[in-house]
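S.K.: build me a structure from this.
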Amino acid sequence: MMRKFLKVFGCVVATCIVLMFGAVFLLNTDAFQNKLLRHATQLLSEKLHTRVEIDSVSIGLFSQNVNLYGLDVEDLQHRKMFQLDHLSVDVKLLPLLHNEVRITHASIDGIRAQLYKPKPDSAANYQFVIDAFKKDSTELRDKEVTKEDKKKKKLNLNLSKLSLSRIDVIYNDQAYKLEELLYKKKGDTRHTATISELKRSWVSHTKKGDVNNALTIGSVLLTLDGDQSKAELDGIHFVTDNGKPRKNKGKPKRGAFDAGHFDVEANLKADITSMKGDSIAATITQCSATDKGSGLVLKSLTSKVLVSKGVAYLNDVVVQMPNTQLKFDKATLQLPSKKQERPLEFSTSTIVGRVLLKDIARPFAPVLANFSIPLSLRVDFSGNAEQLTFQNVYVSTPDKLLTVSANGGITGLRDKLQLNVRFHVNKMTAKGNIKERIINQFPVKKFMMKQLNNLGTINYTGDFSVLYKKETFQGLLNTAAGRLNFNFSLDELNKYVYGSARTDSFMLGTVMDMPDLGMIACKANFKFDISKPRTAKMRQQKGGKLPIGQVDAEVYEAKYKKVKVRNVVADMQSDGAVAEGNITMKGGRVDVLCGFSFTNTNEMRKTKIKPGIRFHRLSEERKAEKEEQKAAKRAEKEEQKAAKRAEREERKRQKAEEKAAKKAAKADAKAAKRAEREARKAEN
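M.R.: Down below sits the predicted model:
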């Protein structure tokens, strides 16, 4: 009996082994796999209602490897939507018995996808794929599943290595390319991901036209080891091109910064301390960037960063440029989002640092290229996409010879025609030779430097504004020579400097190195030509080193030697070689004249003076004025006579009252004496 049982059992086992090997052999044959491929492709095409093609599939049960070659999926408009050259997955079979999918290596090579969603409210060309599989997931979700079933169906994915190569995706007008991505899991806690040649290109549609953008990242290294994460980005290259000439082309005085022509190269290293949901906390340990087009250089940026719900919080920020360092403790940056209608906004705590203006010369102000005086800076900074605000601004030189405190801002950032820079200077103080040192930082011709030094210490309070191509300055200048109110403008469109000045007390002679000229009270208007073509033509004809322009002045009071004069009118014209002027002190029938000319503001003592006298008849206005004066004098005399008559009458009245009072007093005294005598008689 036992022998029969063993014999039957042996036959059953032998049959199972033969069947198993037969099944394995059958599964590994090309014929069976191709038949399985055709069936799967047909089912997938029917489900998606579009053409799906797969060139071939290879399933190696012994090698535990699955390969897919040539996947091609069209969208519903019969356009190429998704193509894959090769997918390879190495899977361990035994862990499947324990509900674990263990992939030792998965690789994808050659993905090309063309995805479209022309408008936010239109359907994407890949939406039908999502909808097809979403239906299955909804049906599964609607079924009642017990806890035991959930435990049985739950699979754990364990991926040891993943490699992607030659990825090319187009989404509307945005293109993404990835040369290679390699992910590795080392142990239970250490993960690394390396990305090579990640590229993205897109078109920004602006009011001023389309801007082509391209971003390339040479390599990215992400490391996760327990709670420690690091990110290193090298070879970042960001380029923009609006298809127009650079803004400073043919304009050497204009800064090279141009958002339509960025060419930025950068590197970044960061320690990631936390990643939870939509929040990430990191420390930027190294960041550097250079815009080759404008010459703007960021040597180093370090900061602690927390990004949460669309807002970035920065702490302990240090910014370094080649010769500039700025620090601030805190900053808040609200990241813009059209979808959530969230505007760009930012603010910082007090920024402090050391600034060398030549660091921003090439991108923003070429005139500062030689400005090598270091400045100490303190400012509170905030703003949005429309405007910037600067509060509690304080600037000084290291020796404190120059100090400036101010507040201000910039509005109209989106439109250069509306751009408006406004600052109120609470107080500016310039001592010693700092005035000349600052002017020497600029490549400009030096005029009246001696007179500037003669002003001594300068204190200034006022305002200045910049609107498109016009700068305006106004305020009160307090100097050792006196106080001066001024208002002048720089018209860069027509190339003129013009304005006015007024003083009630100013030592003009001391400033101009003319000892005979003393205190002056006056107002003046001026206009000077700063057009290089126009002034060059004039200098070519006449030579000279003087400014070209005119000055008109009205002197309320002035002192020359021991003579005081009032109501003096002066005018001066300069053609660049010679400045000529006239001074007129108007009189009733005689005007005192004085003509003058000079060729060098540093040698004012050599000024040529031509005195003169001009006789003239009384003008109708002067006659009327004289008649008014006579009438006023007559009226004044009549008033004086009437006052004297009234005074005499008042004195007479007072004398009469005094007489009457004396008589009454005498009568009272006599009556009192009589009463006294009569009283004594009565007693006797």
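S.K.: so residue 114, which state does it fall into?
M.R.: Under DSSP: H, G, I helix; E, B strand; the rest coil, residue 114 falls in the strand class.
S.K.: for it, which non-adjacent residue is closest in space?
M.R.: Spatial nearest neighbour of residue 114, chain neighbours left out: residue 170 (4.9 Å); criterion: Cβ to Cβ, 6 or more residues apart in numbering. For every residue, glycine as well, the C-beta is placed using N, CA and C.
S.K.: and the helix or strand hosting that neighbour, which strands flank it?
M.R.: Using DSSP states H and E, residue 170 falls within strand 161-171. In the sheet, strand 161-171 lines up against strand 100-115 (parallel), strand 174-186 (antiparallel) (DSSP bridges).
S.K.: comparing these, which yields the minimum mean pLDDT?
M.R.: Mean pLDDT across the strands paired with strand 161-171 is lowest at strand 100-115; the value there is a mean of 83.
S.K.: in it, what counts as buried?
M.R.: Using 16 or more other Cβ atoms under 10 Å as the test for burial, strand 100-115 gives 102, 103, 106, 107, 108, 110, 111, 112, 113, 114.
S.K.: pLDDT score assigned to the residue nearest to the second one when sequence neighbours are not counted?
M.R.: Taking Cβ to Cβ, 6+ apart, and ignoring the residues beside it in sequence, residue 103 has residue 159 as its nearest neighbour in space, at 4.9 Å. Residue 159 is assigned a predicted lDDT (pLDDT) of 77.
S.K.: and residue 643, by the same measure?
M.R.: 84.
S.K.: surely it is within a helix?
M.R.: Yes: counting by three-state DSSP, residue 643 falls inside a helix.
S.K.: from residue 329, how far off is it?
M.R.: Distance, residue 643 to residue 329, using Cβ to Cβ, to the nearest Å: 77 Å.
S.K.: more neighbours, these two?
M.R.: residue 329 (13 against 10; other Cβ atoms under 10 Å).
S.K.: these two touch, right, the more buried one and residue 313?
M.R.: No: the criterion here is Cβ atoms under 8 Å, and residue 329 misses it with residue 313 at 11.5 Å.
S.K.: got the contact list for the residue nearest to residue 421 when sequence neighbours are not counted?
M.R.: Nearest residue to residue 421, sequence neighbours excluded (Cβ to Cβ, 6+ apart): residue 466, at 4.0 Å. By Cβ atoms under 8 Å, 6 or more residues apart in numbering, the contact set of residue 466 is 419, 420, 421, 472.
S.K.: beta partners for residue 466?
M.R.: So, taking DSSP bridges as the rule, residue 466 has residue 421, residue 471 as bridge partners.
S.K.: and it, how far from residue 257?
M.R.: For residue 466, the distance to residue 257 - Cβ to Cβ - is 16 Å.
S.K.: over to residue 498?
M.R.: Distance, residue 498 to residue 257, by Cβ to Cβ: 30 Å.
S.K.: who's more crowded, the two?
M.R.: More crowded of residue 498 and residue 257, by other Cβ under 10 Å: residue 257, with 20 against 17.
S.K.: any stretches of the protein with poor pLDDT?
M.R.: 1-34, 36, 60-63, 93-101, 135-157, 444-447, 586-593, 601-623, 684 (pLDDT under 70).
S.K.: could you pull out the helices in it for me?
M.R.: 2-27, 30-48, 127-142, 147-153, 361-364, 434-439, 449-454, 508-512, 532-542, 620-683 (DSSP state H).
S.K.: nearest the middle, which residue of this protein would you pick?
M.R.: residue 388 (6.0 Å; Cα atoms, centre = their mean).
S.K.: how about it, nearest residue that isn't a chain neighbour?
M.R.: In space, residue 388 is closest to residue 410, 4.5 Å off (Cβ to Cβ, 6+ apart).
S.K.: bridging residues for the one you found?
M.R.: With DSSP bridges as the rule, residue 410 is bridged to residue 388, residue 421.
S.K.: that one contacts residue 416, correct?
M.R.: No: taking Cβ under 8 Å as the definition, residue 410 is not a contact partner of residue 416, at 11.8 Å.
S.K.: which one's more surrounded, these two?
M.R.: residue 410 (17 against 10).
S.K.: which residues touch that one?
M.R.: Applying Cβ under 8 Å, 6+ apart to residue 410 gives the contacts 383, 387, 388, 419, 420, 421, 422.
S.K.: let's see if you can find the most crowded of those.
M.R.: Among these, residue 383 has the most neighbours (other Cβ under 10 Å), with 18 neighbours.
S.K.: now it: how far from residue 413?
M.R.: 8 Å.
S.K.: with residue 566 instead?
M.R.: From residue 566 to residue 413 the distance is 52 Å (Cβ to Cβ).
S.K.: looking at these two, which is more packed in?
M.R.: Counted by other Cβ under 10 Å, residue 566 and residue 413 do not tie: residue 413 has more neighbours, with 15 against 11.
S.K.: next one: phi and psi at that one?
M.R.: Dihedral pair for residue 413: phi -70, psi -20, per degrees, to the nearest 10.
S.K.: which one is it nearest to, not counting chain neighbours?
M.R.: Nearest residue to residue 413, sequence neighbours excluded (Cβ to Cβ, 6+ apart): residue 386, at 5.8 Å.
S.K.: list the contacts of the one you found.
M.R.: 411, 412, 413, 414.
S.K.: isn't the last one right next to residue 344, touching?
M.R.: No: counting by Cβ under 8 Å, residue 414 does not reach residue 344; the two are 11.5 Å apart.
S.K.: for residue 379, which non-adjacent residue is spatially closest?
M.R.: Counting by Cβ to Cβ, 6+ apart, the residue nearest residue 379 is residue 393, at 4.7 Å.
S.K.: distance of the one you found relative to residue 327?
M.R.: 16 Å.
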